[in-house]
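Enquirer: Everything below, folded, please.
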Amino acid sequence: MRRSAIIFTTIVSMVLCVSLLAFSVYAHLTQTFSVSNTIGFNPDDNVYVALECRISGAAQTSLTTPPRDYDSVEDYLYAVGIYQDVGRGGTPLLGEEGCTLTEWHILESLDFASVTQPIVYTITIYNYSDMPIRVSISDYLTNSEHIRNEVSEPVKIEGYKHDDNPSSAQVWLSTTIADTTSGFSDVQNNFTVLFETTVA
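Expert: Prediction:
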């Protein structure tokens, strides 16, 4: 009788250990890692630029078929703000009268596609100003318990010659997960893009 009780309790203990291990693995695999964003554009007077804003590394940018009610993945990415154009296709340039866009609004929380892959915000700037400009990223979260950010160096873009295509350059911000063992949701990841006039 005593031997049966030992065998029974051993089996129960083993089942509980395996169940706990399985639950831990399941919990780790189903954790959420997501960030929310509002990105500000802050141009000096007399700065006129067109922008192409793109995000990569998010689960939304890995879609191969469009969500319901969208004709294509690209339509969806533009609709929720993951792709954003300013001053392209005939719309007013940033800094120009009639341009009402002062922020890049992303309407959905961005889910990390992978715990090892960063979410990268890339902004391509086309300078239509008469003078050179300096573009940099500021007011970003460098390090927190949830995320880490790294930014590109500031770029200088030559002034517009009016008889040629505008000069362009890119700035970016890369966001990685600081601790992959602890999920998080809707962590604020806001930053500002500065456009400053410079001397030639």
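Enquirer: contacts, neighbours, all on C-alpha from now
Expert: Will do.
Enquirer: Now the longest strand belonging to the chain: average pLDDT?
Expert: Using DSSP state E, we find that the single longest strand of the chain is strand 167-177. What strand 167-177 shows for mean pLDDT is 97.
Enquirer: Name every strand pairing with it and say which way it goes.
Expert: Sheet pairing for strand 167-177, assigned by DSSP bridges, gives strand 119-127 (antiparallel), strand 147-151 (antiparallel).
Enquirer: That one: which residues count as buried?
Expert: 167-168, 170-177 (16 or more other Cα atoms under 10 Å).
Enquirer: Tell me the helix or strand right after that strand.
Expert: strand 184-188 (DSSP states H and E).
Enquirer: what's the angle between that next one and strand 167-177?
Expert: 140 degrees (axes from the mean of the first three to the mean of the last three Cα atoms, to 10 degrees).
Enquirer: elements contacting strand 184-188?
Expert: When contacts are defined as 3 or more Cα pairs under 8 Å, 6 or more residues apart in numbering; DSSP states H and E, strand 184-188 packs onto strand 33-36.
Enquirer: And the next helix or strand after the strand it packs on, what's buried?
Expert: Sequence order places strand 38-43 as the next helix or strand after strand 33-36, per DSSP H and E. Buried positions in strand 38-43, judged by neighbour count with 16+ other Cα under 10 Å: 39-43.
Enquirer: Identify, from these, the entry nearest to Thr100.
Expert: Using Cα to Cα, Phe41 comes nearest to Thr100 of the buried residues of strand 38-43, at 11.3 Å.
Enquirer: Distance check, the closest residue to that closest one other than its chain neighbours against Arg134.
Expert: Nearest residue to Phe41, sequence neighbours excluded (Cα to Cα, 6 or more residues apart in numbering): Val193, at 5.0 Å. Between Val193 and Arg134 the distance is 10 Å, computed by Cα to Cα, to the nearest Å.
Enquirer: ok, these two, which is more surrounded?
Expert: Here Val193 and Arg134 are set side by side on neighbour count (other Cα atoms under 10 Å), and the busier one is Val193, at 20 against 16.
Enquirer: Could you pull out the helices in the protein for me?
Expert: With helices called from DSSP state H, the chain shows them at 2-29, 73-79.
Enquirer: tell me the most buried of the strands paired with strand 167-177?
Expert: strand 119-127 (a mean of 21; mean count of other Cα atoms under 10 Å).
Enquirer: now that one against strand 38-43, angle please.
Expert: 20 degrees.
Enquirer: so who does Val47 touch?
Expert: 94-95, 128-129, 133, 195-197 (Cα atoms under 8 Å, 6 or more residues apart in numbering).
Enquirer: change it to 10 Å
Expert: 93-96, 127-133, 159, 195-197 (Cα atoms under 10 Å, 6 or more residues apart in numbering).
Enquirer: before we move on, what about Asn190?
Expert: 35-40, 104, 138-141.
Enquirer: Also Tyr140?
Expert: 39, 148-151, 173, 188-193.
Enquirer: Now it: phi and psi?
Expert: phi -110, psi 160 (degrees, to the nearest 10).
Enquirer: where in the protein is pLDDT low?
Expert: Confidence mapping of the chain against pLDDT under 70 gives the ranges 1-8, 10, 12-30, 200.
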